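Colleague: coordinates only, sequence not included:
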């Protein structure tokens with residue numbers, strides 16, 4: 001693949017992420033994507049053929065960071081370390097990929113009607129692995145006996161909040177755009193809520209040291 005093609009595809013995907021995030025799939029026009037990318041509209045169709053294909057590529061591009069976030073959960077055999085890293089990684093996705101995160105979140109809110117099958121399969125597999133990791137910790141007595149599926153759903157919902165309500169955060173913090181410290185505090189707060197709810201009693205005293213470890 002030529003360097004020019006790679007550059008153009010990256011420009012188009014970045015522009016498409018911004019347009020889809022701002023307007024949604026139905027209201028987004030390919031001419032606006034091309035204009036934002038600074039390429040002829042014909043290039044968009046040459047590289048991606050249809051708006052639907054381009055939208056699918058944008059969604060697929062978000063799966064990799066989600067899989068990376070899931071991996072950090074299972075890298076440690078210590079739930080304190082694994083859960084802290086997982087929450088931080090998911091908050092990091094919202095911070096580092098705000099436009100594509102909003103597109104992906106919006107698609108999920110619509111029931112994932114245009115989510116590619118490849119995305120569905122990868123995410124379903126990762127979700128099962130994550131739940132089994134939590135279940136294993138629970139069965140070994142490393143976490144309190146909570147439902148692993150609902151624990152995972154709670155973490156997902158809490159971390160996705162920072163993708164969807166940046167404008168509400170601005171009303172609270174007085175900053176129109178969330179800053180790095182906002183995301184850091186979000187990760188610390190969510191981690192504390194999760195760990196203090198699921199760590200078995202003898203280990204509760206360890207939470208604060210893990211929360212603020214660097």
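Modeller: Ah, there it is. Since the model is a prediction, treat every value here as computed from it, not as a measurement.

Colleague: Enumerate every residue touching residue 113.
Modeller: If a contact means Cβ atoms under 8 Å, 6 or more residues apart in numbering, then residue 113 has residue 107 as its contacts. Just so you know, the C-beta spots here come from the backbone N, C-alpha and C atoms, and that holds for glycine as well.

Colleague: Distance check, it against residue 60.
Modeller: 16 Å (Cβ to Cβ, to the nearest Å).

Colleague: Got the domain ranges for the protein?
Modeller: Annotated domains of the chain cover 1-49, 58-211 [automatic domain parsing].

Colleague: Quick one: these as JSON lines, columns for mean pLDDT too.
Modeller: As requested, these are arranged in JSON lines below (pLDDT from 0 to 100):
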{"stretch": "domain 1-49", "mean pLDDT": "92"}
{"stretch": "domain 58-211", "mean pLDDT": "84"}
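
Colleague: Now do stretch 29-39: everything it contacts.
Modeller: Residues from elsewhere that reach stretch 29-39 (Cβ under 8 Å, 6+ apart): 8, 11-12, 14-16, 18-19, 23, 40-41, 43-45, 51, 54.

Colleague: With adjacent residues omitted, what lies nearest to residue 83?
Modeller: The spatial neighbour of residue 83 that comes closest, neighbours along the chain excluded (Cβ to Cβ, 6 or more residues apart in numbering), is residue 194 at 5.8 Å.

Colleague: name the helices or strands packed onto the helix or strand hosting residue 59?
Modeller: Here residue 59, judged by DSSP states H and E, is contained in helix 51-75. If you count contacts as 3 or more Cβ pairs under 8 Å, 6 or more residues apart in numbering; DSSP states H and E, helix 51-75 packs onto helix 3-27, helix 30-37, helix 41-48, helix 79-96, helix 98-109, helix 117-139.

Colleague: Tell me which of those sits nearest to residue 189.
Modeller: Closest approach to residue 189 among the helices and strands packed on helix 51-75 (Cβ to Cβ): helix 79-96, 9.5 Å.

Colleague: quick one, that closest one and helix 51-75 angle?
Modeller: 150 degrees (axes from the mean of the first three to the mean of the last three Cα atoms, to 10 degrees).

Colleague: in helix 79-96, what counts as buried?
Modeller: Using 16 or more other Cβ atoms under 10 Å as the burial criterion, the residues of helix 79-96 that qualify are 79-80, 82-95.

Colleague: Tell me which other helices or strands it touches.
Modeller: Helix 79-96 sits against helix 51-75, helix 117-139, helix 148-164, helix 180-198, helix 207-211, with contacts defined as 3+ Cβ pairs under 8 Å, 6+ apart.
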